[in-house]
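Asks: Got a predicted structure here, sequence first:
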Amino acid sequence: MTQRWIEAAARDAVPEDDVIGLLLDGRDIALYGVEGEVFATDNVCTHGNARLCDGFLEGHEIECPLHQGRFDVRSGEAKCAPLTDNVRTYPVRIEGGKVFVDLG
């Protein structure tokens with residue numbers, strides 16, 4: 001698969017222990033600041049069309065604001081009911097104080 005790195009945000013725009021949502025090349029993406037790293041997933045829950053950026057981030061897990069299902073932001077793994085499908089993740093790199101996401 002071809003890599004397609006897109007500048008997403010300034011690194012300091014992604015708060016530690018929090019999540020932000022943004023439109024990136026027409027896609028709704030969530031960026032998470034966890035333990036000094038940044039992770040990226042689709043911003044829409046796979047169970048109920050809720051935006052994950054409106055959820056609660058605890059450690060590496062984002063809780064959907066609609067039905068309280070949780071995803072691991074590192075792998076996209078659905079961690080509990082009512083979720084049955086994982087959320088898509090994207091590779092992230094930090095360069096020059098900016099966050100880049102591979103939408104490849």
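Replies: Great, that's in hand.

Asks: Return the backbone torsion pair for Asp54.
Replies: phi -90, psi 0 (degrees, to the nearest 10).

Asks: residues near the spatially closest residue to it that is not a sequence neighbour, how many?
Replies: Of all residues not flanking Asp54 in the chain, Pro65 sits nearest, at 4.5 Å (CB to CB, 6 or more residues apart in numbering). Every C-beta, even on glycine, is put in place using the N, C-alpha and C of the backbone. Here the count is done by other CB atoms under 10 Å, and Pro65 has 15 residues near it.

Asks: Am I right that Pro65 sits in a strand?
Replies: No - the assignment for Pro65 (DSSP: H, G, I helix; E, B strand; the rest coil) gives coil, which keeps it out of a strand.

Asks: ok, it - contacts?
Replies: The contact partners of Pro65, by CB atoms under 8 Å, 6 or more residues apart in numbering, come to 50-52, 54-56.

Asks: Rebuild those as CSV, extending it with pLDDT, secondary structure and neighbour count.
Replies: Listed next are these as CSV, based on pLDDT from 0 to 100; DSSP: H, G, I helix; E, B strand; the rest coil; neighbours: other CB atoms under 10 Å:
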residue, pLDDT, secondary structure, neighbour count
Ala50, 95, coil, 16
Arg51, 97, strand, 17
Leu52, 98, helix, 27
Asp54, 97, helix, 15
Gly55, 97, coil, 22
Phe56, 96, strand, 14
